[in-house]
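*Asks:* I need the structure of the sequence given here:
(one chain, ligands or ions: 1)
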Amino acid sequence: MRVIDGHNDALLRAWEQDRTLTEAGAGAIDLPAAAAGELAAGLFAVFAPSPDGWQDAVVERDGGWETPAIAELPWSEAAPAAAAIAARGFAFARDARVRLVEDAGDLDDCLAPGGPLGLVLHVEGAEAIGPDLAELELWYAAGLRSLGPVWSRPNRFAEGVPFKFPSSPDTGGGLTDAGRALVRRCGELGVAVDLSHLNERGFWDVARLEHAPLIASHSCAHALAPSSRNVTDEQIRAIAASGGLVGINFHVAMLRRDGRTDADTPLQAIVEHVRHVADLVGVDHVALGSDFDGATMPRELPTARELPLLVDALRRDGFGEDELARIAHGNWRRVLAACWR
Ligand code: ZN
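*Replies:* Residues are numbered from 1 along each chain as shown. Just a heads-up that it's a prediction; the model follows:
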């Protein structure tokens, strides 16, 4: 079963490790792993990382945990990092077996048997874009087709949702005036806007502005795992009403009911989140958003190579072949095509 995956950090890993993705490496996604796992296309994130340290600053408290607030990343640090990480993607897409996806026709080519691996360029946290949005034009011209205004830190556009368990996603203020302008311009250009990492006010601010289907590219169901990063049933209903989708994240701390970062988490945990969204709003509004190379995967699903095991687990849960095709790739294809029209 061909898969379109809604989120990975393979470009960040390739940049940090100074390597290419064309050959098998230490990461979760490279060309051999994608071919073995039937990964047809993915949203490859351009994410300028915050300085190390915040990961180690997790504060545990009764039955839960949180990271201290993560500081804003200044433009002067974000812009060169984002350019260098994106450059890894453009270099990768020079390979004849890879396609920089710019429209629905490109996605269809990637979905065909033996097609190239599709690279959809996604900006995760728009710190590299200045207040007049001029850089957005440059990114779009280069091939950007999806953008999340924030990662889990504040910037000039919005406040990211902090990592916290258990917690409501309602953690602070919404879009700024610059954030509203950014979302509007993305709509005009045909750049998909990603709601994952926005807090709840930011989510509803985008929902009011956005005419295209709403997307939470790599989030899980808050009703099953009350992480600040997950979407509530009310948010899932709004996403479905817009014709959009939730890409279920494979990060164990967002899947597990206890919020623990424990790789001994069965694939059934992913299946349960898919099932929850499908039962709540229909199978047309749930898809996959692995977070490969950016989070802690279940032990059975360390890389894209093992994706068929997840498809089998979904099949065992009772999803039919037509439903599996929509979850695995059809819903992402429909929603991205609508955003890019
Ligand atoms: Zn993310």
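*Asks:* which residues does residue 337 contact?
*Replies:* 104, 107 (CB atoms under 8 Å, 6 or more residues apart in numbering). C-beta here means a position set from N, CA and C on the backbone, and glycine is covered the same way.
*Asks:* how about the secondary structure of it?
*Replies:* helix (DSSP: H, G, I helix; E, B strand; the rest coil).
*Asks:* ok, which stretches of the stretch 51-200 of the chain are helices?
*Replies:* 75-93, 104-111, 134-142, 177-189, 200-209 (DSSP state H, counting those that start in this stretch).
*Asks:* now the third one, how far from the centre of its chain.
*Replies:* Between the centre of helix 134-142 and the centre of its chain there are 20 Å (CA atoms, centre = their mean, to the nearest Å).
*Asks:* so what does it touch, helix or strand wise?
*Replies:* Here helix 134-142 touches helix 75-93, strand 117-124, strand 144-148, helix 177-189, going by 3 or more CB pairs under 8 Å, 6 or more residues apart in numbering; DSSP states H and E.
*Asks:* turn these into a markdown table, columns for mean pLDDT.
*Replies:* Below are the helices and strands packed on helix 134-142 laid out as a markdown table (pLDDT from 0 to 100):
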| stretch | mean pLDDT |
| --- | --- |
| helix 75-93 | 97 |
| strand 117-124 | 98 |
| strand 144-148 | 98 |
| helix 177-189 | 98 |
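*Asks:* tell me which of those lies nearest to residue 99.
*Replies:* strand 117-124 (5.2 Å; CB to CB).
*Asks:* so what's residue 42 closest to, chain neighbours aside?
*Replies:* Nearest residue to residue 42, sequence neighbours excluded (CB to CB, 6 or more residues apart in numbering): residue 5, at 4.3 Å.
*Asks:* go ahead and confirm the one you found touches residue 41.
*Replies:* Yes - the criterion here is CB atoms under 8 Å, and residue 5 meets it with residue 41 at 7.5 Å.
*Asks:* what touches both of the two?
*Replies:* Residues touching both residue 5 and residue 41 (CB under 8 Å, 6+ apart) are residue 332.
*Asks:* just to revisit the earlier point, identify whichever of the helices and strands packed on helix 134-142 lies nearest to residue 110.
*Replies:* strand 117-124 (3.5 Å).
*Asks:* partners of that closest one, with directions?
*Replies:* strand 39-46 (parallel), strand 98-100 (parallel), strand 144-148 (parallel) (DSSP bridges).
*Asks:* so which of those strands gets nearest residue 190?
*Replies:* Of all the strands paired with strand 117-124, strand 144-148 comes closest under CB to CB, at 7.6 Å.
*Asks:* picking that back up, reformat the strands paired with strand 117-124 as JSON lines; add mean neighbour count and distance to residue 255.
*Replies:* JSON lines is the format used below for these (neighbours: other CB atoms under 10 Å; distance: least, CB to CB, whole Å):
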{"stretch": "strand 39-46", "mean neighbour count": "28", "distance to residue 255": "19"}
{"stretch": "strand 98-100", "mean neighbour count": "19", "distance to residue 255": "30"}
{"stretch": "strand 144-148", "mean neighbour count": "26", "distance to residue 255": "20"}
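*Asks:* ok, which of those strands comes nearest residue 181?
*Replies:* strand 144-148 (12.9 Å).
*Asks:* could you look up the SS state of the residue nearest to residue 42?
*Replies:* strand.
*Asks:* bridged to it, which residues?
*Replies:* residue 42, residue 288.
*Asks:* and for it, the neighbour number?
*Replies:* 30 (other CB atoms under 10 Å).
*Asks:* mind listing what it touches?
*Replies:* By CB under 8 Å, 6+ apart, the contact list for residue 5 reads 39, 41, 42, 43, 247, 288, 289, 290, 292, 304, 307, 332.
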